[in-house]
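> mind folding the following:
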Amino acid sequence: MKVKIHEIAAKEFDEAVEWYENQSEGLGKRFKKSVIGQIRKIKKNPDWFLIEADNIYKIYIPKFPYKILFTLEKNQIVIWAVAHMHRKPWYWQSRMI
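Residues are numbered from 1 along each chain as shown. Here you go, the predicted model:
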């Protein structure tokens, strides 16, 4: 199944990688690797994950306070956010309009 990442979700992911890398060398790379690993899990079993709301699924990023929010649409997975769990909830919802 194809994965499409919303452009703002891709930007927030890149910013998080950069922020972690600035905190400690190599930490950004570990965060990035963890996110990519979770996306691979989504691709293998997309409807296996917890539901955040309605048709929005979530998967947590191990050892980091982030989650990936995605939907299943026809023949693709759409990632709407790589969301920090301690910031404004539902801030990303407007992307789905």
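> any weak-confidence spans in the chain?
Judged by pLDDT under 70, the chain has its weakly predicted residues at 89-94, 97.
> which residue sits farthest out from the middle of it?
Glu25 (22.0 Å; CA atoms, centre = their mean).
> what strand or helix carries it?
Assignment of secondary structure by DSSP states H and E places Glu25 within no helix or strand.
> also Asp14?
helix 7-23.
> that helix packs against which elements?
Under the contact criterion of 3 or more CB pairs under 8 Å, 6 or more residues apart in numbering; DSSP states H and E, helix 7-23 touches helix 27-44, strand 76-84. Quick note: C-beta positions are derived from backbone N, CA and C, even for glycine.
> turn those into CSV, columns for distance to Ala16 and mean neighbour count.
CSV is the format used below for the helices and strands packed on helix 7-23 (distance: least, CB to CB, whole Å; neighbours: other CB atoms under 10 Å):
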stretch, distance to Ala16, mean neighbour count
helix 27-44, 6, 15
strand 76-84, 7, 21
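> make TSV out of the ones you listed and add distance to Lys58.
Supplementary listing: those in TSV, determined by distance: least, CB to CB, whole Å:
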stretch	distance to Lys58
helix 27-44	10
strand 76-84	9
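> residue closest to the middle of the chain?
Note: the chain centre (CA atoms, centre = their mean) maps to Ile68, 2.5 Å.
> only alpha carbons, please: show the helix or strand containing that one as PDB.
In this assignment (DSSP H and E), Ile68 forms part of strand 66-73. Extracted C-alpha coordinates of strand 66-73, given in PDB (Å, rounded to 0.1, in the frame of the first residue of the first chain):
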ATOM      1  CA  TYR A  66       5.000  11.500  19.400                       C
ATOM      2  CA  LYS A  67       2.300   9.700  17.500                       C
ATOM      3  CA  ILE A  68       1.500   9.300  13.900                       C
ATOM      4  CA  LEU A  69      -2.000  10.000  12.800                       C
ATOM      5  CA  PHE A  70      -3.200   8.500   9.600                       C
ATOM      6  CA  THR A  71      -6.200   7.400   7.600                       C
ATOM      7  CA  LEU A  72      -6.800   4.600   5.100                       C
ATOM      8  CA  GLU A  73      -8.100   5.900   1.700                       C
END
